[in-house]
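> model this:
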Amino acid sequence: VHAAGKKAIIYPYQEFDGTWEWKHFTTQKMQQPTLSDEQKQVLEHVVERFGEHPALLAWYLCDEPEGRDHSPQWYRELHEFMATHDPYHPCIVLNYGLQGINTYYEGADILMPDCYPNYRVDALPRKPTWCTTLWAQTAASLRPMWLVPQAFPWHDDSDPDHVYRGPTFDELRNQVYQAIAADGKGIICYSRSHWSWACHELNMGVPAMGDELAALKDGLLAPTIPDGVSATTDPGIEHFYVARKQAGADTYIIAINAEDTDAETPSQVQATLTVTGLGDGTLYVAGESREVQVREGRLADTFAPMAVHVYTTNRAAAQAVNVNATRAQIDEANAARLKPGNLVAIGRRWLDEYRKFDEHPPQNVTLTATSTVESYSTQNTAVRYLLLDGIIEKTDSRNSFWNSWQPRGNDTAPALTFEFPEPKTVG
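Numbers count the residues shown, from 1 in each chain. Alright, predicted model coming up:
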């Protein structure tokens, strides 16, 4: 990790006994009100072993403890213990809900909410994307805040009537900029591994998002100025957010239409932004190869649903990224997955669809296998159809065994059978 110029966030609970099991940090033992002597010994050993490693960024204390009924008092004591033994690395707590944020914040130096909208095909998300602002503002009012935006396709067995999908590139940007507008200082996308690699919106969109943040980091990391900018929209919408930041002489203004798309959402709104203390001049729209004029501190622009515009006086920073090019590259890559003459290609499909292919295969082909290796991530999932997804580029994540089909080791004659709904001529 260090050799690659990267940092790691790790659990401090590793017991180094030759197994992955945590004997002293089970859910039951984390429901106790105080640290045990055995737990303290493990923590001391981990800090001694890794505390001075140059790749260590932070200690990851918990992942959604409210879902496991862990003790808030236990985390408060754990935080104090870690701060005493390693005051140089922050402790991170991740929560999925507002109650969890308010319950466990005292155990953290950094709060990292994961407000997943859970996007669906041809339907609104289970949770509105604008909730990201509510989660981010709640966390930021208590501790420094990083966001874990949804960057993966998921499924919900309790909602069998819908197909769940990953976010589009614009939905990903929307989540990220809502956090930055709320004074977030870090973004960790969950997750580019798992099933996200098969979605060009994510395997291309997440790196592009990282490049965009890096190019604009001086402005985006600056504190949000209270009442630095206000906005009105026509037609009026409820979830339109703005923030102003100042990096030296450069002004940065973030404007976000956080309304999800449905039949009742305006196809676009006209927004008027009023910037305190800004007179006449030109602002450059980051990544969009255009500029807007400011007159007496006001500017006007058009916003589609999920649109984000970042305006800045720093022309070089604005031109260092190209959001429109990223959208075009994603569209081209998705189109290339279905090539003329390919009888078995199924193109981009979502995890939810792969979980249903055994009962409802794609219309153009049914694929059976003599055997399949299953993992935790691929159980009840027809992973053999990943062979037909149209992606031919080699990626690091595709080398993972759960990202494609693999026959069992005792299968002496592994084979795939393709069945078409009608006779086909091949060759």
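
> surely residue 383 meets residue 407?
No. Look at residue 383 against residue 407 with Cβ atoms under 8 Å: they stay out of range, at 11.3 Å. All C-beta spots, glycine's among them, are computed from the backbone N, C-alpha and C.

> neighbour count winner among the two?
Between residue 383 and residue 407, residue 383 has the larger neighbour count (other Cβ atoms under 10 Å), namely 23 against 17.

> and that one, how far is that from residue 355?
In this structure, residue 383 and residue 355 are separated by 10 Å, where distance is defined by Cβ to Cβ, to the nearest Å.

> ditto for residue 217
If you measure residue 217 against residue 355 using Cβ to Cβ, the figure is 39 Å.

> So between the two, which is more surrounded?
residue 355 (19 against 12).

> The more buried one touches residue 382, doesn't it?
Yes. Distance between residue 355 and residue 382: 7.4 Å, which falls inside the contact criterion (Cβ under 8 Å).

> For residue 270, grab phi and psi.
Per-residue torsions, residue 270: phi -100, psi 120 (degrees, to the nearest 10).

> Is it bridged to anything, and to what?
Counting by DSSP bridges, residue 270 is bridged to residue 234, residue 302.

> swap in residue 94?
With DSSP bridges as the criterion, the beta-bridge partners of residue 94 are residue 63.

> give the contact list for it.
Residue 94 makes contact with 60, 62-64, 112-114, 148 under the criterion Cβ atoms under 8 Å, 6 or more residues apart in numbering.

> State the distance from it to residue 378.
For residue 94, the distance to residue 378 - Cβ to Cβ - is 24 Å.

> do residue 296 as well
For residue 296, the distance to residue 378 - Cβ to Cβ - is 59 Å.

> Residue 250 too?
The value you get for residue 250 to residue 378, if Cβ to Cβ is used, is 47 Å.

> Which one of these two is surrounded by more residues?
Neighbours per residue, other Cβ under 10 Å: of residue 250 and residue 378, the larger number sits with residue 378, 22 against 16.

> what about that one, which helix or strand?
When elements are defined using DSSP states H and E, residue 378 is found to belong to no helix and no strand.

> chain center to stretch 336-350, what's the gap?
With Cα atoms, centre = their mean, to the nearest Å as the basis, stretch 336-350 stands 26 Å off its chain's centre.

> Oh, that last question was meant for stretch 382-394, not what I typed.
Taking Cα atoms, centre = their mean, one finds stretch 382-394 lying 23 Å from the centre of the chain it belongs to.

> Number the residues from 36 up from this point.
Sure thing, new numbering starts at 36, so read that last one as stretch 417-429.

> returning to what we had before: can you work out which residues contact both of residue 418 and residue 442?
residue 407.

> what about the closest residue to residue 221 other than its chain neighbours, how many neighbours?
Here the nearest residue to residue 221 in space, its sequence neighbours aside, is residue 181; by Cβ to Cβ, 6 or more residues apart in numbering that works out to 3.2 Å. Residue neighbour count, defined by other Cβ under 10 Å, stands at 22 for residue 181.

> hmm, who's touching stretch 295-304?
Contact with stretch 295-304 is made by 152, 159-160, 163-165, 268-270, 272, 275, 292, 294, 337-341, as judged by Cβ under 8 Å, 6+ apart.

> now do 7 Å
Outside of stretch 295-304, the residues within contact range by Cβ atoms under 7 Å, 6 or more residues apart in numbering are 159-160, 163-164, 268-270, 272, 292, 294, 337-341.

> repeat for stretch 85-104
Everything outside stretch 85-104 that qualifies as a contact, by Cβ under 7 Å, 6+ apart, is 36-37, 41-47, 62, 66, 105, 110, 113, 117, 121, 124-132, 134-135, 138-139, 142-143, 145.

> Select only the buried ones of these in ChimeraX?
One line in ChimeraX is enough to select the buried ones among those; burial here means 16 or more other Cβ atoms under 10 Å:
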select :44,45,47,105,110,113,117,121,124,125,126,127,128,129,130,131,132,135,138,139,142,143,145
